[in-house]
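Visitor: return atomic coordinates for the entry below.
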Amino acid sequence: MQGLLTALCLLLATGVSASDNTNSSKPLRIAYVDWSSSVASANVVCAVLTEHLEQPCELIETSADAMWRMVAEGEADVLLSAWLPDTHADYFAQYRDQLEDLGPNLDGTKTGLVIPATGVGRQTDQRGVQTQPSLQIQSIEQLAERRQALGGRIIGIDPEAGIMSATETAISTYNLSGFRLVAGSESQMTDALANAIARNQPVVVTGWIPHWMFGRWSLRFLDDPEGVYGGTGSIHTMVRTGLSDDRPQAAAVLDRFAWDAQAMEQLLVWIHQDQGRDPYAQALRWLRANPQRVQAWLGDAQPSENP
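Guide: I've put the predicted structure just below:
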C-alpha cells in the first residue's frame, strides 16, 4: 500500500498519467496510401513523434478505402490524407460518425486531368521561343477530338482513389466514349507522363496539387466547366475515436500539425530525388531544415517516460 501511494504521488507531481506511460511504448499506427503526399505526411509526423516525443510509430501502407476503414474501426490510429470536401466525399459520408476530424493539415488542394504545357525537352527552343505541347487543348470536353492521338487512354492511379471515381464520372459527363481509364499506381502514372514528355507525345493523366511533378515539368489542369472534380479543397487529419483520451500528447501534436503546399513540396522533391528509398531519412532532413514549424507542432509537449 505504501508503494502504491508513493507511485500515485509521483504521478500527480510529474503530471504524467498512467495512461500516457502505458501507451507511449505502443506504436502509434499511421495509415497511409502510396501517394507522394500521403507518404510525405506520414513520415514527417512519424519523425516528429519519434524523435521529439519518444513515441514510436508504425506506418501502415494500404489502399484509400482500407485507410479510412482501418482508422474508423480502430485498426489504425490516424490518417493524414483525407482529401475533402470532394475527392474523399464518399469515404467521409460513410465513416464520419466513427472518426474525429482534427481539421485541415494543408489547404489549397486541387485535382483533375493534367496535360503537359510545353513541348519536348527544354521549355524554349534555341531561338528562345517556347516549345509547343503536342496536345493543344484547354478543356476536358476537347479530349473527344483527340481520342485517336491519345489512344483512348487516360492514365490513372490506384483504382480505389477518389480521383479515379471522379474521372469515371468525367468520362460520362463529357461524353468521352471510347476512352478508358487506366488504373495503376502513382509511380506508373508519373512514368507514363515522363515518357510522353520525353517523346513529345500527347498524354493526359489524373493529377493533383501538391505533387512534385508540378515542380519537375510545366503542366496544367484541363478546364472542368461541369465541376466534376470540384474546386480547391483541403487535406484533413482523421483520428480514431478515443485517441485524445489515451494518447493526449500525440493527439495534441496531430491537432497542431499543418503545413502549406510549398513546405510539403520541398519534402516531396527530396523523396523523389532519393527515388523513394528512405522517406523517413528525408523527413528527418526536413525537420532539421524547419525547426520553427516543428516547434509549433510540438507546442509544450514533452517526451513521455516509458515504463
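
Visitor: the residue nearest to residue 31 when sequence neighbours are not counted and residue 46, how far apart?
Guide: Using C-beta to C-beta, 6 or more residues apart in numbering and skipping the chain neighbours, the partner closest in space to residue 31 is residue 76 (3.9 Å). The way it works is simple: take the backbone N, C-alpha and C, and place the C-beta from them, glycine included. When distance is defined by C-beta to C-beta, to the nearest Å, residue 76 is 13 Å away from residue 46.

Visitor: shared neighbours of the two, anything?
Guide: In terms of C-beta atoms under 8 Å, 6 or more residues apart in numbering, residue 76 and residue 46 are both contacted by the residues residue 30.

Visitor: just checking, what's the longest strand in this protein?
Guide: strand 99-116 (DSSP state E).

Visitor: in the stretch 51-200 of the chain, which spans are helices?
Guide: Taking DSSP state H, counting those that start in this stretch, the helices of the stretch 51-200 of the chain run over residues 64-72, 89-95, 147-150, 162-173, 186-199.

Visitor: quick one: the third one to chain centroid distance?
Guide: The offset between the C-alpha centroid of helix 147-150 and the centroid of the whole chain comes to 31 Å, using C-alpha atoms, centre = their mean, to the nearest Å.

Visitor: how far does stretch 211-231 sit from the chain's center?
Guide: For stretch 211-231, the distance to the chain centre is 16 Å (C-alpha atoms, centre = their mean).

Visitor: pull that stretch out as CSV, backbone CA atoms only.
Guide: What follows is stretch 211-231, C-alpha atoms only, in CSV (Å, rounded to 0.1, in the frame of the first residue of the first chain):
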residue,chain,number,x,y,z
HIS,A,211,2.7,17.0,-56.1
TRP,A,212,6.4,17.0,-57.1
MET,A,213,5.6,16.6,-60.8
PHE,A,214,4.4,20.2,-61.0
GLY,A,215,7.9,21.3,-59.9
ARG,A,216,9.5,18.9,-62.3
TRP,A,217,7.6,19.8,-65.5
SER,A,218,5.4,22.5,-66.9
LEU,A,219,1.9,21.1,-66.5
ARG,A,220,-1.6,22.4,-66.4
PHE,A,221,-5.1,21.2,-65.5
LEU,A,222,-7.7,21.0,-68.2
ASP,A,223,-10.7,23.2,-67.6
ASP,A,224,-13.6,21.4,-65.9
PRO,A,225,-16.7,23.6,-66.7
GLU,A,226,-19.1,21.0,-65.3
GLY,A,227,-17.2,21.0,-61.9
VAL,A,228,-16.8,17.2,-61.8
TYR,A,229,-13.6,17.5,-59.8
GLY,A,230,-14.9,20.2,-57.5
GLY,A,231,-12.9,23.3,-56.6
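
Visitor: what are the buried residues along it?
Guide: 211, 212, 213, 214, 217, 219, 221, 222, 224, 228, 229, 230 (16 or more other C-beta atoms under 10 Å).

Visitor: now stretch 235-255: buried residues?
Guide: Residues 235-240, 243-244, 246-255 are the ones in stretch 235-255 that count as buried (16+ other C-beta under 10 Å).

Visitor: who touches residue 259 in this structure?
Guide: If you count contacts by C-beta under 8 Å, 6+ apart, residue 259 has them with 105, 106, 293.
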